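# let me see the structure of the following:
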Amino acid sequence: MTQPNMTQPQMAQQQQQHFPPPGQQAPYPPVQQVQLGGQVGGTNAGFGRVLLSEWTKIRTVRSTMWTLIVMIAFILGLGLLLASTVSPAVEDDYVSISLIGVIIAQLAAATLGVLTISAEYTTGMIRTTLTAYPRRLQVLAAKGLVFAGLMFVVGLVTMAVTALLGKAMLTSRIGESTAEFDLFRSLVGGSLYLAVIGLFGLGLGVLLRHSAGAITALLGVILLPMIIGPFLPASVGEKVMEYSPMFALGKLIGGGGDDGGPGPWPSLLLIAAYAAVALIAGGIRLRSRDV
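Prediction:
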């Protein structure tokens, strides 16, 4: 509204302030600048924010939920099924019988490790992730920590419930087992194995950047040594099987006896070395190539 007693030049100056001349753009209010490289809006995003972001992604992706359901179903369902149907001898390890489903569940854990990174390449989400936080190795480390923590917790809880229920079902029908077993090694070692074999899949996923190819290579590493080992010369075939992931898992959840090859914990360290090599190779490619 025009104020009274304003001269003509004053009215023209006021109109120019509200309505700019033709061809000129009205000034915009200052906006907050967004900086990359871990700086968002002038505040440090930090590695904790990246962990939180990866946790949000992994728990909201549909493939995570279904893969975990499959893994739990194999461990719990197959373990309780065997505990209710088989008739082992009293010298058998009832805990190992109850945890036999972990042998199949490891395939689900390894597949989920591949999908944790390869799905982002398929959807293009990896571009958004690395644009928001260009420190690529830290992004990969955050994915690995979140995935390994989730896999260890889910595996430990599921295996503990299965072992306790399965042993109770077997002892109620057959009686107490006389076999010596290490419950800590079976539960904690088996859960760590699921996390490590999943990290191996994560490394292959970031290295190959293709879900089908990475899963195929992963299944080959897990299953092929136990398939071709018996057909190789005795000395070679035994070594191939003894240093395979499947043999390491059997050592951890089984009796861990002196049946050749490294012991349970050295076997786990060996598989962890496989995973480390895959992650290092994948990290080098992630850092040296475009998305």
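# the helix or strand containing residue 117 - what's its average pLDDT?
Using DSSP states H and E, residue 117 falls within helix 102-123. Averaging pLDDT along helix 102-123 yields 92.
# residues of it that come out buried?
Using 16 or more other C-beta atoms under 10 Å as the burial criterion, the residues of helix 102-123 that qualify are 102-103, 105-121. Using the backbone N, CA and C atoms, a C-beta is placed for each residue, glycine as well.
# low pLDDT regions in this protein?
1-45, 255-259, 291 (pLDDT under 70).
# any idea how far residue 88 lies from residue 175?
11 Å (C-beta to C-beta, to the nearest Å).
# comparing those two, which residue is more hemmed in?
Taking other C-beta atoms under 10 Å, residue 88 and residue 175 do not tie; residue 88 has more neighbours (17 against 9).
# can you pull the contacts of the more buried one?
Shown in contact with residue 88 (C-beta atoms under 8 Å, 6 or more residues apart in numbering): 94, 97, 170, 174, 177.
# that one belongs to a helix, doesn't it?
No. Read with DSSP: H, G, I helix; E, B strand; the rest coil, residue 88 is coil and lies in no helix.
# please report how far it lies from residue 82.
Taking C-beta to C-beta, one finds residue 88 at 9 Å from residue 82.
# mutual contacts of the two, please.
residue 97.
# could the contacts of residue 88 go into TSV alongside distance to residue 189, neighbour count and secondary structure?
Converted to TSV, the contacts of residue 88 look like this (distance: C-beta to C-beta, whole Å; neighbours: other C-beta atoms under 10 Å; DSSP: H, G, I helix; E, B strand; the rest coil):
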residue	distance to residue 189	neighbour count	secondary structure
94	17	23	helix
97	17	20	helix
170	21	24	helix
174	25	15	helix
177	19	20	coil
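# and those residues, which is closest to residue 199?
Closest approach between the contacts of residue 88 and residue 199, by C-beta to C-beta: residue 97, at 27.8 Å.
# ok, and for the helix or strand in which residue 48 is found, which residues are buried?
Residue 48 belongs to helix 46-60 when assigned by DSSP H and E. Buried positions in helix 46-60, judged by neighbour count with 16+ other C-beta under 10 Å: 47, 49, 50, 51, 53, 54, 55, 57, 58.
# same check, this time on stretch 185-194
Buried-residue list, stretch 185-194, by 16+ other C-beta under 10 Å: 185, 186, 187, 188, 189, 190, 191, 192, 193, 194.
# swap in stretch 122-142?
For stretch 122-142, by 16+ other C-beta under 10 Å, it's 126, 129, 130, 132, 133, 135, 136, 139, 140, 141, 142.
# residue 290: which of those residues is nearest?
Taking C-beta to C-beta as the measure, residue 290 lies nearest residue 130 of the buried residues of stretch 122-142, at 9.7 Å.
# isn't that closest one up against residue 140?
No. Between residue 130 and residue 140 there is no contact under C-beta atoms under 8 Å: 10.2 Å.
# if we can go back for a sec, okay, the buried residues of stretch 122-142 in CSV with secondary structure and distance to residue 280 next?
Output for these, formatted as CSV (DSSP: H, G, I helix; E, B strand; the rest coil; distance: C-beta to C-beta, whole Å):
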residue, secondary structure, distance to residue 280
126, helix, 19
129, helix, 20
130, helix, 19
132, helix, 24
133, coil, 20
135, coil, 17
136, helix, 13
139, helix, 15
140, helix, 10
141, helix, 12
142, helix, 16
